[in-house]
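Q: The following block contains a protein sequence and its predicted model.
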Amino acid sequence: MTRTFLITGVSSGLGWAFAQGALDAGHTVVGTVRRQDDADAFARSAPGRAHARLLDVTNDKAVFALVEEVEAGIGPIDVLIANAGYGLEGVFEETPLADLRAQFEVNVFGAVATIQAVLPYMRARRAGHIFAVTSMGGLMTVPGLSAYCGSKYALDAIVETVGKEVAGLGIRVTAIEPGSFRTDWAGRSMVRAERSIADYDELFTPLREARQAASGRQLGDPAKAAAAILRVLDAPDPPAHLVLGSDALRLVAAGRAAVDADIRAWEGLSRSTDFPDGHQIR
């Protein structure tokens, strides 16, 4: 069964890998990019089935117009992969609020605008699969990535909630939480806040240096991530959360274990705040 995919951010990295995996499997892909050169390169990758579109995902009107155009001119969107995003690295106190807002504009609002735009069409057909690329940083945190992890936590929560809302409407929703994959995310694609406070040097400098040193040698294989998405697409009971990479499995498990430990340690205090005759929510 061939499908039509809409994938945002296909110029490089996981977006390119997801698109090429779908094209290699015989599907049609509409891929969005920011630059004309990237659009031309994507269209050449599979003439007739790779459709490139220029899009700024922070422009809500453009996002909705694009989805309408694809539905009318190319075909029903069977699969959305909301992938466009970037990393902002920096100690929280040193991160300008304008940069933090920009991070959320792309990673959160750009993704949810795309999801909102496709939902009416999928709901009318009672069919479709929505993937949103969050991060292992949407389920755990790393010092120096507060803005990035915050944006991915927000997206993860929205996507999980949407999945519950549309579960009875034939629409499947999966949050993809990749670990470190061999892309440019930690290299030229990352925005880095300027350092200014020496108190953070001991903590943060080794983290930044290690991340830069590992760029290009990450554990994850983008092509294998694309193959994993195609497997989930055909699964009868797809996951709400798909963690990709053994590093992500380890770090997410450790992060969630820390939360569970806090819950257990402070359970008595948590219960002490109830009214004795209060109503228990479901």
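A: Here it is on my side, so go on. Numbers count the residues shown, from 1 in each chain.

Q: packing partners for the helix or strand that contains residue 260?
A: Using DSSP states H and E, residue 260 falls within helix 246-265. Applying 3 or more C-beta pairs under 8 Å, 6 or more residues apart in numbering; DSSP states H and E, one finds that helix 246-265 contacts strand 171-178. C-beta: built from backbone N, CA, C; applies to glycine.

Q: which outside residues touch the next helix or strand after the strand it packs on?
A: Later in the chain than strand 171-178, the nearest helix or strand by DSSP H and E is strand 191-192. The contact list for strand 191-192 (C-beta atoms under 8 Å, 6 or more residues apart in numbering) reads 86, 87, 88, 89, 90, 99, 208.

Q: Mind doing that once more with 7 Å?
A: Residues outside strand 191-192 that contact it (C-beta atoms under 7 Å, 6 or more residues apart in numbering) are 86, 88, 89, 90, 99.

Q: what do you get for stretch 54-70?
A: Under the criterion C-beta under 7 Å, 6+ apart, residues 6, 8, 30, 32-34, 36, 39, 53, 77, 84, 105-106, 109-110, 113-114, 117-118 lie in contact with stretch 54-70.

Q: likewise stretch 108-116?
A: Outside of stretch 108-116, the residues within contact range by C-beta under 7 Å, 6+ apart are 8, 57-58, 60, 63, 80, 82, 84, 130, 132, 151, 154-155, 158, 162.

Q: And it, what's buried?
A: Neighbour counts over stretch 108-116 (16 or more other C-beta atoms under 10 Å) mark 108, 109, 110, 111, 112, 113, 114, 115 as buried.

Q: Of all the helices and strands in this structure, which has the lowest average confidence?
A: Lowest mean confidence among the helices and strands of the chain (mean pLDDT, DSSP states H and E): helix 201-214, at a mean of 86.
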